[in-house]
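1. What follows is a predicted protein model with its sequence.
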Amino acid sequence: DTEVTQTPKHLVMGMTNKKSLKCEQHMGHRAMYWYKQKAKKPPELMFVYSYEKLSINESVPSRFSPECPNSSLLNLHLHALQPEDSALYLCASSQDLFGLLRDNSPLHFGNGTRLTVT
Amino acid sequence: AQSVAQPEDQVNVAEGNPLTVKCTYSVSGNPYLFWYVQYPNRGLQFLLKYITGDNLVKGSYGFEAEFNKSQTSFHLKKPSALVSDSALYFCAVRDRRLTGGGNKLTFGTGTQLKVEL
């Protein structure tokens, strides 16, 4: 069982809907990540939070809005998505104990949310 | 810019035979290298990493990988494959000199491993 929990497992939404993806970890990790993965492709980094602050935004469209309410939770708010945004959205975390440049701890991934935009 | 190449989209091997999944990398400085495995409808699972030290790294589920600096390779190996090893395998690299924060990995395109009876 994964130590990073993502909800919901599946989500179908229309292009005018607003929805949120949720991620939770209780490993004491201070870095959390959102990835997007298309079928049979590698994950693409979207956002990185370190100590609850947004550290990296990989030029993601504003229809994706991340939020880190506390050190255990990470949300991804979705609004006005396009069909091409349909993908598996993966959350991950890592230790980040000594600062980001020294964090070579492995990423721990959740099982993802399968998003379909209709 | 750092990059990772996995030259094989798919590798087929018979159960009980040794397996190799290839990975080559390109970074400006010395690399941090990782292997992850992904089963259907699951997230990625960490298998092993090379940071420094011994070139042969042992990881989970009997997998190991050999770091070869001269060939810029980090091939994943297992002496005896199992049907349950069938999955999608990703090699990833992080440049030690990378700035900007985050455990920012560059993933390869993935190799589908199929182990048959």
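-> Alright, I've got the coordinates.
2. what about stretch B:82-92, start to end distance?
-> Counting by CA to CA, to the nearest Å, you get 23 Å between the two ends of stretch B:82-92.
3. in it, what counts as buried?
-> B:85, B:86, B:87, B:88, B:89, B:90, B:91, B:92 (16 or more other CB atoms under 10 Å in any protein chain shown). Glycine gets a C-beta too; all of them are placed from N, C-alpha and C.
4. isn't there a strand covering the last one?
-> If I follow you right, that is residue B:92. Yes. Counting by DSSP: H, G, I helix; E, B strand; the rest coil, residue B:92 falls inside a strand.
5. Just send the buried residues of stretch B:82-92 back as a markdown table, with distance to residue B:71 and pLDDT too.
-> Below are the buried residues of stretch B:82-92 laid out as a markdown table (distance: CB to CB, whole Å; pLDDT from 0 to 100):
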| residue | distance to residue B:71 | pLDDT |
| --- | --- | --- |
| B:85 | 24 | 97 |
| B:86 | 27 | 97 |
| B:87 | 25 | 97 |
| B:88 | 24 | 97 |
| B:89 | 19 | 98 |
| B:90 | 20 | 97 |
| B:91 | 14 | 97 |
| B:92 | 18 | 94 |
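6. Just give me the closest of those to chain A.
-> residue B:90 (5.8 Å; CB to the nearest CB).
7. Give the rounded mean pLDDT of stretch B:53-72.
-> Averaging pLDDT along stretch B:53-72 gives 94.
8. okay, how far is it across it, tip to tip?
-> Termini of stretch B:53-72 sit 16 Å apart (CA to CA).
9. One more: stretch A:110-118?
-> 24 Å.
10. And for stretch B:50-64?
-> Stretch B:50-64 end-to-end distance (CA to CA) = 10 Å.
11. and that stretch, anywhere near chain A?
-> Yes. Judged by CB under 8 Å from any CB of the partner chain, stretch B:50-64 and chain A are in contact via residue B:51.
12. who touches that stretch?
-> Contacts to stretch B:50-64, defined as CB atoms under 8 Å, 6 or more residues apart in numbering or on different chains, come from residues A:104, B:30-35, B:45-49, B:65-69, B:74, B:76-80, B:85.
13. out of these, which are inside strands?
-> With DSSP state E as the criterion, strands contain B:31-35, B:45-49, B:65-68, B:74, B:76-78 from among the contacts of stretch B:50-64.
14. give the contact list for residue 85.
-> Looking at chain A here, since you left the chain open. A:63, A:64, A:78, A:115, A:117.
15. Sorry, I should have been clearer: chain B.
-> B:19, B:61, B:78, B:113, B:115.
16. rewinding a little: return the closest of the contacts of residue A:85 with respect to residue A:8.
-> residue A:115 (9.4 Å; CB to CB).
17. Report the central residue of chain A.
-> residue A:34 (2.5 Å; CA atoms, centre = their mean).
18. Bridge partners for that one, pull those for me.
-> With beta bridges defined as DSSP bridges, residue A:34 has these partners: residue A:47, residue A:91.
19. Need the distance between the two termini of stretch B:105-117.
-> 34 Å.
20. ignore the last one, stretch A:53-66
-> 11 Å.
21. what's next to that stretch, contact-wise?
-> A:31, A:34, A:44-49, A:68, A:74-82, A:85, A:100, B:100-102, B:104.
22. Buried members of the residues you listed into ChimeraX, please.
-> Of the contacts of stretch A:53-66, the buried ones can be selected in ChimeraX as follows, counting by 16+ other CB under 10 Å:
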select /A:31,34,45,46,47,48,49,68,74,75,76,78,81,85,100 /B:101,102,104
